[in-house]
Structures are given as structure tokens and as C-alpha cells.
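Student: can't give you the sequence, but here's the structure:
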């Protein structure tokens, strides 16, 4: 029997804790409260509208054909129109349709990262984002996040200590995953300044920016860059329409478009056409605006329900963030609560979350956890937080 | 303004001639005969059945949710059932659902190729397959193909001359793209023997194997390997159902599955769920068998129509292959016909093809071209070949 000649990079491929928790979940009781995955609420997915659009679009003669690699013209036009109505208009030569935000990140790290290159990631950060950088054999430098997002001054110090400048900075600037924090305007300006000075590309991953339920919009890194090519913006319909579509886009310097097309052709040829047409139909039909209004209202209520339940059950034991949008609360226990050990006990109590260490390549957050408030109704949220408290008590009594 | 810090590999990203020809096509007359893209005939795509399945499947509550990274259970089960009825059954732990065959290739090269590794490609070979190897900075060694596929003895000599063994061998063993040739059984056995001796992984890309319209089946490399992990099989529904679905699968050693899942999570999280459900419904509904029978019959007739038209217009000027399945004829001109120069003249005459040089990283086939007989009716094929002859005449008279 042969031994397979694996590439060096396979030692850097890291699995997602989300997956192991999903398969663990599958073995558990059916009424588990799911705070783990960053999925939109099932009732927030406009399935009826999409089903109706499918009936029209998937009956067309070319519906199942190859799409253009840069994206189907119908979707591209509808998206340009939709973005023109937001504060972030763009142009055709900046736009490449991708298989969700994840492929946007894969493209970014493919275009910019050589093995051994330094890449900044937020700490905590999105697991699969840092995993993609690792799949290109980046060396990661974790820079801390507080309630105003990435601590940019601390980042400058860390880079100075590292003695070399980063090739890329991977930032989830708005309603950060997992902390929920948004980078302040001042820090955005300073981060752009540092990126420019270092010659780094600033990969701005923003799946949640359209889901603000409190406070006021902060201009995006893309807007603030004002045409400087250094911002590579990764966007997706996963959180604002539905994750299973696997449709997103990249908004990047026009000089990159031919490289993006070549790289994407060597990844998946093109994004599946039927789902592009569904999203195109959804946008062209003018559904997005109303849909976002309904989602924002619901998610704001869910966040408050979760914070209230946390206050009821964990006051004095833990602290948690107060995001103005997005999907997540980040909970940090005061004492020595090992959230990886807590995970299985919590599952047995009927509630799922993601342990804090999953959000740090160097496992810096053993006493923290991420809760997704978006997927559950307020009643279920209250039930889930009560269960979480019972799990913490059970773990404490085991010692 | 910043200068973007591109990775070294971007110099190895090559564009597909297919794309440039597609955009050229878009500017041409509407009745162009399209022999360029390797697309199923529009009327061969079971759009009505898929539309009906969409009506059922996309109305289900979880239709637009994230899918499991290894693939939706419904599709996986239906595919295992469908493969059990062919000569190539497999098992769940060998199976990973991908975004078409292209992502299967991206996964293969990601798992096995370090920068500078030697990778064997057929000459001629599938442009985007060799492009993907290049995107991982492989060094390509082109090994010639004849009417029995890859010349395996010649390959052994070339590897000896190279002075080092290949990390991977990329083979399109059945109804090869672009030549249409199939690797003989004897050569398959010998190729497996060489791969085993060299410690190479044998990437078996087989999009067309189910589309045999003449001759008898040859056991696949996977079957002949008899459980040896060295064969990494890449399969897709693009040619047998529809390309726009972007659904395929990898059939590989079970020890690879966790690496495949980790690598795919860092590429696109999961393959879009609605299209997995459509394919699952198509397979579970028992449609594939009958659909393949109809396609094989039609494609056989189209191949003969194309060969007859070639005989009528090019007898003595060119020779062409005689495949027993798949989509393509490979035409080689006897004289000094520059098929890249011919391309634009042919477009003006109303017929599209792909010039031979596109199928060789070192551009070895300046006087050859690939014709896809699958996409056009026999009448259109006759018209297209007549136009091609007029284009050759026009080019000749220009000299």
C-alpha cells in the first residue's frame, strides 16, 4: 500500500470547532438551544420569497449553465443597484461574485500571502478566517480587541516588537465575530494609516455590517480608504439573506480583477448560477431593504433578551459585550471556568455555544465563550441561558 | 496610493483561454456555432425535472441553511446508492461533496503539492486543471498523449530524465479533455505501478466517464488500485446533469477525509445546499440512468455528424481523434495552420473553438484545436464545420 505524499501545508490545516460541535450536537436531544453556529434565525430566512423567485428563475432555459467567473450579469447589476442605495456604492470592475464570504477570504490570502508571511488577526477572531490564512502558511500575530474593536495602538507596538511588517491585516471591523465590537472611526483611520505605512493589504471581512440595530453607522474601511487600493473588502449574503446560498462578493481594486478571475477559475470555475439568480431576483425585486429592517428589529430584541437573561443568571460571575448589531455576545467568566470542559456538560443540559479558545490560534480565551443570539427566539434564549447556568453549577459541583 | 503586496504565486496564476473566448464570443453574431466551451447540450440539461425538484426541495424549511462540509446527508446517501449501481461503488468515509470537479482538483493540489514539486500533466491537458496545479506553484512536466491516452512508457523516460519523481500525476483517464482518448487497461495498470513506485498520488479527473457511446468500459484507476490509497478520484455532475449546479465529489482514501473537510472549510465552508438537494432529488428519483442513456445516444450521433463533416471539408488537410465517449474531438492540421490566428477569423465566420496551445502550459499545439461536439445539434455541427473550412480558406488566402 502506498503512503500519500502530503504537502507541508497540510500540517497547518486546522479544523473548525464548529464542525465538531455540530456533529456532537447531532447526537444530543432535539430541543437543544443552539447558540453555537452563526446562522440567521430560521424564520429570518426569506424562504418563501426565494422559493417564489426559484419558480421563475429556475424555469429559464439557461438557468443551470456555467456562469461567468466574475458573476452573472443579472446579479452583478442588481447588486450594483442595491449597493448604490447603501452608503457603499461600487463599480463593475471592482466587483467579483464569490462562493460566500469564505471564498472571498480564500481569494484574499491566495493573492497576498506567501508561506511565512506575517498576517495580523484580531484576538479573538473568526476561526475559519484565521484557518484560511494558516492554509497559506501565514505566520499569525494576534492583536487584542476591546469594546472599540482591534486595539490599533497595541497592534503598532506588537508589529514593532515582531521586527517585521505584516503582509496582510485581517479585520472584521463591524460587529466583530466573536466579540460583537465595532472598530471606532478613529481607530479605522489609524489602521488605514498603519497599513499604508507598512505596505499591508487590509482585508475587511464584513458579513454583519448591514445588521445594525442600535447606534449610528461608522464609515467602512473601504469608504475611508477613498480609492486607495489597500482595502480588500469581503462581503456575503450569508447572514443577510441565507447562508446555504453560498453567494458573496469581493469589492477590490480593479487592478486585481483579472487575478481574482484566474484564481477563482482554479478554485471552482464559477459560483453556481441558480443561486446567483435567486439573489439577483431578491435584490432586483427590492426585497432587501424591508427584509433588513425586520431582521434588525428582531436581532436587537434578541440581543436584549440574552443580556437580560445573562444579568439574571450570571450577574457578578461573568461579563459580556454590548454590540450594536450582528449576531454575537462574547462572555468572559470572572473565575476559572474552563469553557471547553463546560461545552459537553452544557450540551447535556441542552444548550450549545462555542468555547473561547476556538477563536484564538494560540488558545487565549479558556474562560470565555461565544453566544449567537440571532438564531433563537427570546423565549428560547431565556431557556438556553438558564440551562447554561445549570451547566456552570454542575461543573462547579464536580470539582 | 498603496502598492498591493502580491504573493509570489500570483505570477503563476494563468487565465483560461475559455474565458477570453467567451468574452469575445459575446461581441459576435448571435448565431455563432459554439464548439468552444465543454458544456452539455442545452437540451441535454434536465431543466424541467430539476425545476420540479426545486419546487419541492426549496420549499422545505432548512433548504437555505448551511450544509455539512462533507456534504448534505440526503445527497450523500443518494449518491452512494447511484454509485452502487454503477461499477464503482464507494463508502461514506471516502466521499466528500465538492463545488464541482474544479474544487476537487483545488483540494487535491492543496493537499499534495508544495511549491516546486514536480507534477505530471498530460500533453495536451485540461487548461484549468494544469492552471490549478500552477496556482500551488507546481513545476509541470508534460507527458504526451496518443490514441490510447497518456504514453506511460514515455512518461517513465521523462521522469528518469528529470532526475526526480513526481509528487502528483494529473490524469484525465477516460475520454480525455481535449483529445477524447481513453487510457488503455494495460497503461492504467502500468501507470498505477509507476505511481506506486514513485510514491506519487494519482489524481484521476473523470468528468466524462459515464458518457460512453461506443466500445466497452475500462475499469477505472480507482477500481484497479483495489484499495491502495494512491488514487484520488475527482468526479462531477457538471457534464452528466448540469454545470451551473457546481456539485461534484471526491472519492479518496478515508484517512484524507478530515484534511479534505478542513481544507474545504477554508475554501467555501460548504457546497451550496439547494443545489445539493436538487442533485440528491434527481438521483433519489432514479432519473440518472435514463438521462444518461438519452445523452449517450445523442452525443454518439453528434460525434459522427462532426466526423462526417470534417471528412467532407478537411479530408487530407487535417486528422482528428475518434473518441468512444465524452464531448471532444481533437483536430490536428497537417500544414502550418496557426489555430490562434484562425480563432478570430473563425469567430467572424460564425464558429468558435479552442486553439490547441491553450491545452499545453508550454504551448505545444499551435496547429491543433479542440471541438466540442456535445453542445450543438447535428445540423448546426455541419454548418459549423463548413464555416470552419471557410475560415481556414480565408486565412490561407491572406498569406
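Tutor: Perfect, I can see it now. These numbers come from a predicted model, not from an experiment. Numbers count the residues shown, from 1 in each chain, chains lettered A, B, ... in the order given.
Student: Could you pick out the longest helix of chain A?
Tutor: Secondary structure assigned by DSSP state H gives helix A:288-314 as the longest helix of chain A.
Student: what pLDDT does residue A:12 get?
Tutor: On pLDDT, residue A:12 comes in at 87.
Student: my read: it touches residue A:139, true?
Tutor: No: using Cβ atoms under 8 Å, residue A:12 is not in contact with residue A:139; the gap is 10.1 Å. C-beta here means a position set from N, CA and C on the backbone, and glycine is covered the same way.
Student: mean confidence for whichever strand or helix holds residue A:111?
Tutor: Assigned by DSSP states H and E, residue A:111 belongs to helix A:100-112. The pLDDT scores in helix A:100-112 average 98.
Student: Just the angle for that helix relative to helix B:100-112, thanks.
Tutor: Orientation note: helix A:100-112 sits at an angle of 50 degrees relative to helix B:100-112 (axes from the mean of the first three to the mean of the last three Cα atoms, to 10 degrees).
Student: Against which helices or strands is the helix or strand following helix A:100-112 packed?
Tutor: Where DSSP H and E defines the elements, the next helix or strand beyond helix A:100-112 is strand A:118-123. Helices and strands touching strand A:118-123, by 3 or more Cβ pairs under 8 Å, 6 or more residues apart in numbering or on different chains; DSSP states H and E, are helix A:127-135, strand A:139-146, helix A:152-162, strand A:168-171.
Student: if we can go back for a sec, so the helix holding residue A:111, near chain B or not?
Tutor: Yes: contact of helix A:100-112 with chain B (Cβ under 8 Å from any Cβ of the partner chain) involves A:100, A:102, A:103, A:105, A:106, A:110, A:111, A:112.
Student: out of these, who has the most neighbours?
Tutor: Highest neighbour count within these: residue A:103, with 32 neighbours (other Cβ atoms under 10 Å in any protein chain shown).
Student: does it really touch residue A:267, like I thought?
Tutor: Yes: between residue A:103 and residue A:267 there is a contact under Cβ under 8 Å: 6.9 Å.
Student: Touching both of those two, which residues are there?
Tutor: Listed as contacting both residue A:103 and residue A:267 by Cβ atoms under 8 Å, 6 or more residues apart in numbering or on different chains are residue B:267.
Student: Pick out the most distant pair among the residues of helix A:100-112 next to chain B.
Tutor: A:100 and A:112 (19.2 Å; Cβ to Cβ).
Student: where's the longest helix of chain A relative to the chain centroid, distance-wise?
Tutor: In terms of Cα atoms, centre = their mean, to the nearest Å, the centre of helix A:288-314 is found 18 Å from the chain centre.
Student: List the buried residues of that helix.
Tutor: A:288, A:291-292, A:295-296, A:298-300, A:302-307, A:309-310, A:313-314 (16 or more other Cβ atoms under 10 Å in any protein chain shown).
Student: List the contacts of the residue sitting furthest away from the middle of chain A.
Tutor: Centroid-distance maximum for chain A: residue A:1 at 41.7 Å, with Cα atoms, centre = their mean. By Cβ under 8 Å, 6+ apart, residue A:1 lies in contact with B:227, B:228, B:229.
Student: And the pLDDT for the last one?
Tutor: When you say that, I think you mean residue B:229. On pLDDT, residue B:229 comes in at 96.
Student: Enumerate every residue touching it.
Tutor: Counted by Cβ under 8 Å, 6+ apart, residue B:229 has contacts A:1, A:2, A:3, A:4, B:252, B:253, B:255, B:256.
Student: what does residue A:269 give?
Tutor: By Cβ under 8 Å, 6+ apart, the residues touching residue A:269 are A:66, A:69, B:100, B:102, B:128, B:243, B:246.
Student: Of those, which pair is most distant in space?
Tutor: Farthest pair in the contacts of residue A:269 (Cβ to Cβ) is B:128 and B:246. Separation: 13.6 Å.
Student: Downstream of the worst-scoring helix or strand of chain A on mean pLDDT, the next helix or strand is which one?
Tutor: One helix or strand of chain A scores below all others by mean pLDDT, DSSP states H and E: helix A:17-26, with a mean of 53. As assigned by DSSP H and E, the chain's next helix or strand after helix A:17-26 is strand A:33-34.
Student: Can you list phi and psi of the residue in the stretch 51-200 of chain A positioned nearest to chain B for me?
Tutor: For the stretch 51-200 of chain A, the residue closest to chain B is residue A:64, as judged by Cβ to the nearest Cβ, at 3.6 Å. Residue A:64 adopts backbone torsions of phi -110, psi 20, taken as degrees, to the nearest 10.
Student: show me what contacts it?
Tutor: With contact taken as Cβ under 8 Å, 6+ apart, residue A:64 is in contact with A:58, A:273, A:274, B:45, B:47, B:50, B:241, B:242, B:243, B:244, B:245.
Student: Closest one to residue B:355 out of the residues you listed, please.
Tutor: Using Cβ to Cβ, the contacts of residue A:64 come closest to residue B:355 at residue B:243, 21.7 Å.
Student: and the closest one, how many neighbours?
Tutor: 26.
Student: For it, which non-adjacent residue is spatially closest?
Tutor: Closest residue to residue B:243 apart from its sequence neighbours, by Cβ to Cβ, 6 or more residues apart in numbering or on different chains: residue A:66 at 4.7 Å.
Student: I'd like to know how many residues surround the one you found.
Tutor: Neighbours of residue A:66 using other Cβ under 10 Å come to 21.
Student: Distance check, it against residue A:57.
Tutor: Using Cβ to Cβ, to the nearest Å, we find residue A:66 at a distance of 16 Å from residue A:57.
Student: Show me where chain A has its helices.
Tutor: For chain A, the helices defined by DSSP H cover A:17-26, A:47-57, A:73-85, A:100-112, A:127-135, A:152-162, A:185-198, A:221-225, A:257-268, A:273-284, A:288-314, A:339-349, A:378-398.
Student: anything in stretch A:283-302 sitting right up against chain B?
Tutor: No: counting by Cβ under 8 Å from any Cβ, chain B is not contacted by stretch A:283-302; separation bottoms out at 13.0 Å.
Student: Tell me how far that stretch lies from the chain's centre.
Tutor: 18 Å.
Student: Just give the number of residues close to residue A:342.
Tutor: Residue A:342, neighbours per other Cβ under 10 Å, totals 21.
Student: Ok, the one 5 residues further on next?
Tutor: Other residues within reach of residue A:347 by the criterion other Cβ under 10 Å amount to 21.
Student: Settle this for me: it is touching residue A:32, isn't it.
Tutor: Yes: judged on Cβ under 8 Å, residue A:347 makes contact with residue A:32 at a distance of 7.0 Å.
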